[in-house]
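> My questions concern the predicted model and sequence given below.
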Amino acid sequence: MKAEAQVLKGHLDMLLLATLENGPRHGYAVREALREASRSRFDLPTGTIYPALRRLETAGLVKGRWSTAGGRRRRTYELTAAGRRRLAGDRAAWRDFTSVVSAILEPASWPATS
Amino acid sequence: MAGNVLISSYLSGLRRRLPASLADEVSDGLIEAYQQHLASGQSADVAARAAVTETGDLAHVVGEFIRQAPGRSTARTLLAIGPVVGGCWIATHAWSWPMPAAVRLGFGAALLFMISGLAVAATSRRSYRRTRLTAVAGPGLVILDATVITTALLVAPVLSWPLVIAVAASLTRMALTLTALPRIS
């Protein structure tokens, strides 16, 4: 899982944006959404997710707002228009990349040389 | 969140080391996790340990906030472009302008002070507070840029291309700094 977490960090922004695609979530809910969608394989500490959400907010990709829940202050994030555009671009690039890699890894696809 | 020593200790550590808004956000997640583990039937101690594990080691959490702090990245950007802007002014032979030695020394000392502040903010690894030095050094740098531009327009003997480029470089840095400053928390 350690190595997987390192690889995951390279795609963290895209995954965080994806978890917010269907509506606003707070940090803990983002973590739970990632964990559930990955069938518990991506179990990032929330302490990694909060700073990343703040960075995405600084970049204008998400927008945070405070509310109160259970007597505590809670910060909820939602995608901005720029965030939706970035997610669409990242998703298209990822699909393109994985299709190319899959084609290369497919054992039967190599032409024989003589 | 009273009731558990581990949770209370974690929360006080957060409040000591992070600005209130960041500490509040992480606290909410920690308490949410703790309550969910309690609701699933775990004992308070087991629930607290699980919640802390899910949140992450305190030093790591604080370190991540510091690493991604807007004050730190802005300081790094300003330090990176500093030599370029400085080089542009050196090309104008600004040292030959008719200026009192005390003014030159004062300007140099102020510049050194701002650079030191940015260097501390850019290299901070354990203190979030230090990354906020950019909120002081950044405006200071804007004032210095404005001062040097005004001085140049008043005392520079001729309007040369190097001077135009240096003024443009300083104006660009001022705009960059003023855009980034509101984001520093």
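Perfect, thanks for sending it. Residues are numbered from 1 along each chain as shown, chains lettered A, B, ... in the order given.

> got a list of contacts for the helix or strand containing B:Leu171?
Element membership for B:Leu171, per DSSP states H and E: helix B:161-180. For helix B:161-180, the external contacting residues (C-beta atoms under 8 Å, 6 or more residues apart in numbering or on different chains) are B:70, B:74, B:77-78, B:81, B:84-85, B:88-89, B:91-94, B:138-139, B:141-142, B:145-146, B:148-149, B:152-153, B:156. Every C-beta, even on glycine, is put in place using the N, C-alpha and C of the backbone.

> Among these, which are located in strands?
Per DSSP state E, strands hold no members of those.

> Quick one, which of those are buried?
Those of the contacts of helix B:161-180 that meet the buried threshold are B:70, B:74, B:77-78, B:85, B:88-89, B:92, B:94, B:138, B:141-142, B:145, B:148-149, B:152, B:156, by 16 or more other C-beta atoms under 10 Å in any protein chain shown.

> State the mean pLDDT of the helix holding B:Leu171.
Here helix B:161-180 scores 95 as its mean pLDDT.

> to the chain's geometric centre, what's the distance from that helix?
Relative to its chain's centre, helix B:161-180 lies at 20 Å (C-alpha atoms, centre = their mean, to the nearest Å).

> what comes up buried for that helix?
B:Leu163, B:Ala166, B:Val167, B:Ala169, B:Ser170, B:Arg173, B:Met174, B:Leu176, B:Thr177, B:Ala180.

> roughly how far apart are the second one and chain A?
Using C-beta to the nearest C-beta, to the nearest Å, we find B:Ala166 at a distance of 30 Å from chain A.

> Quick check: nearest residue in space to that residue, chain neighbours excluded?
Spatial nearest neighbour of B:Ala166, excluding adjacent residues (C-beta to C-beta, 6 or more residues apart in numbering or on different chains): B:Cys88 at 3.9 Å.

> Equivalent analysis for the fifth one, please.
The spatial neighbour of B:Ser170 that comes closest, neighbours along the chain excluded (C-beta to C-beta, 6+ apart), is B:Asp145 at 4.1 Å.
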